[in-house]
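Visitor: Could you work out the structure for the sequence below:
(2 chains, ligands or ions: 2)
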Amino acid sequence: MLPVSVRKPLQKKIASVEHARELAIDVMFELQNHYGYLSDEAVAEAAGLLDMTPLEVDELATFYTFIYREPVGVYVIHVCDSVICWMDGYESVKAYLCRRLNIDVGQTTPDGLFTLLPVCCIGYCDRAPAMLVNRKVYGHLDGAKIDRIIENLVNEAVQADQ
Amino acid sequence: MNATPTRILLKNRRPERIATLDEYQAGGGYDGLGDILESRSPAVIQQMLLDAMLLGRGGAAFPTGRKMMTVAADAPFPRYLVCNADEMEPGTFKDRVLLHADPHMLIEGMILAGFAVQAAKGIIFIRPEYENAARILEREIRIAEAAGFLGDNILGSGYSLHIGVHRSGGRYICGEVTAQLNALMGRRPNPVQPPPYPTEKGLWGKPTVLQNVETLMCVPHIVRNGPDWFRELACTATGAGTKIYAVSGHVERPGCYELPMGTPLSTIIEEHAGGMRAGAKFKACLPGGASTCFLPAEHYHTPMDFEPLKQVGSRLGTGAIMVFDQQTCLLAVTLNLTEFFTRESCGWCTPCREGLPYIRDLLMRIENGEGEPDMLPMLDTMAQYLWNAYCAFAPGAMGPVQSLLKLFREEVADHIVRGGCPF
Ligand SMILES: Cc1cc2nc3c(=O)[nH]c(=O)nc-3n(C[C@H](O)[C@H](O)[C@H](O)COP(=O)(O)O)c2cc1C
Ligand code: SF4
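Guide: Ligands and ions are numbered 1, 2, ... in the order given. Purely as a prediction, here's the structure:
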């Protein structure tokens, strides 16, 4: 069940617009934040809030890159594999991340911290090669920079735990 | 030709932060806005945009004034204005730079464009990767409201406009007008073939005008300085205004450069983007994003404007110039681009959904040394089929493929003869 602290603000927001379903993506993002991914339960909750059927919500959820219908790590790393990043080192960035995290693309680290995914052009071709971590961008990547980013995220996660 | 860089849209650009409301106003922004809204009619503003020859900067180059004129005078209310900040075309990052430079220029552009079609609501549709820009916009919209530039009865003019930010869930097809409207209505974002056109029946069945970020940011300058001034900014007779060229690839200084519309490709690369990288030689570029045709070295001096690029067999598209040097295998580049289009196909129609993986597979086999001579005519035939697709996505995807087959056919054939990539 969705806690009142998440449900109430959403209901208020939905009540303020003319058509509930225009907020479908915002609602999916909120529930995804709460549950960690858009679980079946979250799809049903979203449908109830938006006055849609679960099938209609799923039709949207499965369409969008940043809505996750399967469990993901606390940090989702999206490495850009489109043309400019690909020419400027996507393969080595990907290989470095796989080694460093000891996972393959599409997998999540056993501690549940990191998921590694490829993504289409993220609009940072002037800072290739680039990646996103939870939709925050990092450009001009190399091994040292990736190490720093991962270390910071691990520390951040440890602090959040305490 | 204008030698000094002309900065209109990026005049308030700062290295690390946006221009504030005060800074935008200090440069003439919002100046006399109340008077304009009170003394000019919507039809007059539409005519100014038409006379200014403002063509859409989102890729399709449709005249903005003409689009607005298709909203009938007696069309129903409420009407909508949508700002397309989806920007998912590979190689394109100009809207990101514009949003981070001067959000109030966009807001004022939306006020004036909204007024021109009497829209009551403006929506900025933004890709999820630009979350930072989405937050900036939400904050600056509130600041504009507090200053009386937005909201009910703007500066006592009687015109009201409310602007909201819509975050996308991320998918390339959402940049296409009709798919975007579906997305905004919480429907699966497949395109819808007109008629009816969105300007007649768009969001929630009401007249909707949709424009790109860069297009909207031109509007305040045209209204303030007049159509003649805007046309004269260009360095080609057919062009108008400035253009934000987003340069990437094998150049020394990739980035966004605002220059007179029609600035030659060679000038953009050599005088602004720092030239080719050390030791690199220009081989070809995609002049306007992933959906345009390769422009080979023989057209290195082409003015980067809609008309001249059409004449040499390509398109200005979004003005995103991706530069490739002599060492680049353009087959591999095309394979990467086709991979992008295959992944992003919305799946609605068969030519695109089934054709793209087929073409990708053929390109991959040739690149990997498994090519056969009859694959070239197969590629030609398949690429032609994609023109039967439901929306402009698939023909766009064939830009690089068909121009590769036409301009660099020998290079592709060489892969087949050698049984592998020569690069
Ligand atoms: C597949 C596809 C993707 C598109 N993506 C964008 C986009 O991200 N941003 C944009 O402004 N226009 C995009 N367009 C063009 C829009 O359909 C539309 O022409 C444009 O936004 C209209 O605004 P303008 O006239 O100001 O350019 C896309 C078109 C297609 C077919
Ligand atoms: S051409 Fe592609 S993107 Fe367009 S409707 Fe067909 S499947 Fe969808």
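
Visitor: Can you classify the most far-flung residue of chain A relative to its centre as helix, strand or coil?
Guide: What lies farthest from the middle of chain A is A:Glu18; by C-alpha atoms, centre = their mean that is 28.4 Å. A:Glu18 carries the three-state label coil when classified by DSSP: H, G, I helix; E, B strand; the rest coil.

Visitor: try B:Gly317
Guide: Under three-state DSSP, the three-state class of B:Gly317 is coil.

Visitor: show me what contacts it?
Guide: B:Gly59, B:Glu89, B:Pro287, B:Gly288, B:Gly289, B:Ser291, B:Thr292 (C-beta atoms under 8 Å, 6 or more residues apart in numbering or on different chains). C-betas here are computed from N, CA, C, even on glycine.

Visitor: Which of those residues lies at the shortest distance from A:Asp81?
Guide: B:Glu89 (15.6 Å; C-beta to C-beta).

Visitor: ok, back up a step: columns secondary structure and pLDDT on top of the contacts of B:Gly317, output as JSON lines?
Guide: As requested, these are arranged in JSON lines below (DSSP: H, G, I helix; E, B strand; the rest coil; pLDDT from 0 to 100):
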{"residue": "B:Gly59", "secondary structure": "coil", "pLDDT": "95"}
{"residue": "B:Glu89", "secondary structure": "coil", "pLDDT": "95"}
{"residue": "B:Pro287", "secondary structure": "strand", "pLDDT": "98"}
{"residue": "B:Gly288", "secondary structure": "coil", "pLDDT": "97"}
{"residue": "B:Gly289", "secondary structure": "strand", "pLDDT": "97"}
{"residue": "B:Ser291", "secondary structure": "coil", "pLDDT": "98"}
{"residue": "B:Thr292", "secondary structure": "coil", "pLDDT": "98"}
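
Visitor: Of those residues, which ones also sit close to chain A?
Guide: Residues of the contacts of B:Gly317 in contact with chain A (C-beta under 8 Å from any C-beta of the partner chain): B:Glu89.

Visitor: Burial check on residue 111, number of neighbours?
Guide: Went with chain A since none was named. 10 (other C-beta atoms under 10 Å in any protein chain shown).

Visitor: wrong one, I was asking about chain B
Guide: When counting by other C-beta under 10 Å, one arrives at 29 neighbours for B:Ile111.

Visitor: What strand or helix carries it?
Guide: helix B:103-116 (DSSP states H and E).

Visitor: Now, of the contacts of B:Gly317, which are buried?
Guide: Buried subset of the contacts of B:Gly317 (neighbour count, 16 or more other C-beta atoms under 10 Å in any protein chain shown): B:Gly59, B:Glu89, B:Pro287, B:Gly288, B:Gly289, B:Ser291, B:Thr292.

Visitor: Out of those residues, which comes closest to chain A?
Guide: Closest approach to chain A among those (C-beta to the nearest C-beta): B:Glu89, at 7.6 Å.

Visitor: Now for the nearest residue to the closest one once chain neighbours are set aside: which residues touch it?
Guide: Leaving aside its chain neighbours, B:Glu89 sits nearest to B:Gly289 (4.0 Å; criterion: C-beta to C-beta, 6 or more residues apart in numbering or on different chains). B:Gly289 is in contact with B:Gly59, B:Glu89, B:Pro90, B:Gly91, B:Thr92, B:Gly317, B:Thr318, B:Ala320, B:Met322, counting by C-beta under 8 Å, 6+ apart.

Visitor: before we move on, the earlier item: which ones, among the buried ones among the contacts of B:Gly317, also lie beside ligand 1?
Guide: When contact is defined as C-beta under 6 Å from any ligand atom, the buried ones among the contacts of B:Gly317 meet ligand 1 at B:Gly59, B:Glu89.

Visitor: burial measure for the closest residue to chain A within the stretch 251-400 of chain B, as a count.
Guide: Among all residues of the stretch 251-400 of chain B, B:Pro254 sits closest to chain A, at 4.3 Å; criterion: C-beta to the nearest C-beta. Counted with other C-beta under 10 Å, the neighbours of B:Pro254 add up to 23.

Visitor: So for it, what pLDDT did the model give?
Guide: Here, the pLDDT recorded for B:Pro254 equals 98.

Visitor: name the element the spatially closest residue to A:Val83 that is not a sequence neighbour belongs to?
Guide: Nearest in space to A:Val83, with sequence neighbours left out and distances taken as C-beta to C-beta, 6+ apart, is B:Asn336 at 4.9 Å. Element membership for B:Asn336, per DSSP H and E: helix B:330-344.

Visitor: List the buried residues of the next helix or strand after that helix.
Guide: Moving toward the C-terminus from helix B:330-344, the next helix or strand (DSSP H and E) is helix B:350-367. Using 16+ other C-beta under 10 Å as the test for burial, helix B:350-367 gives B:Pro351, B:Cys352, B:Arg353, B:Gly355, B:Leu356, B:Ile359, B:Arg360, B:Leu362, B:Leu363, B:Met364, B:Ile366, B:Glu367.

Visitor: One more: stretch B:329-345?
Guide: Across stretch B:329-345, burial judged by 16+ other C-beta under 10 Å covers B:329-345.

Visitor: try stretch A:29-48
Guide: A:29-32, A:34-35, A:37-39, A:42-43, A:45-47.

Visitor: does any part of that stretch sit near chain B?
Guide: Yes - using C-beta under 8 Å from any C-beta, stretch A:29-48 reaches chain B at A:Phe29.

Visitor: chain center to that stretch, what's the gap?
Guide: Centroid separation for stretch A:29-48 versus its chain: 13 Å, with C-alpha atoms, centre = their mean, to the nearest Å.

Visitor: quick one: which of the contacts of B:Gly289 is nearest to ligand 2?
Guide: Distance to ligand 2, by C-beta to the nearest ligand atom, is smallest for B:Glu89 among those, at 13.3 Å.

Visitor: which ones are touching the closest one?
Guide: So B:Glu89 contacts A:Cys121, B:Gly59, B:Tyr172, B:Gly175, B:Gly289, B:Ala290, B:Ser291, B:Gly317, B:Thr318, B:Ala320 (C-beta under 8 Å, 6+ apart).

Visitor: what about the closest residue to ligand 1 within the stretch 101-250 of chain B, distance to B:Thr92?
Guide: Closest approach between the stretch 101-250 of chain B and ligand 1, counting by C-beta to the nearest ligand atom: B:Gly175, at 2.1 Å. Taking C-beta to C-beta, to the nearest Å as the criterion, B:Gly175 is separated from B:Thr92 by 10 Å.
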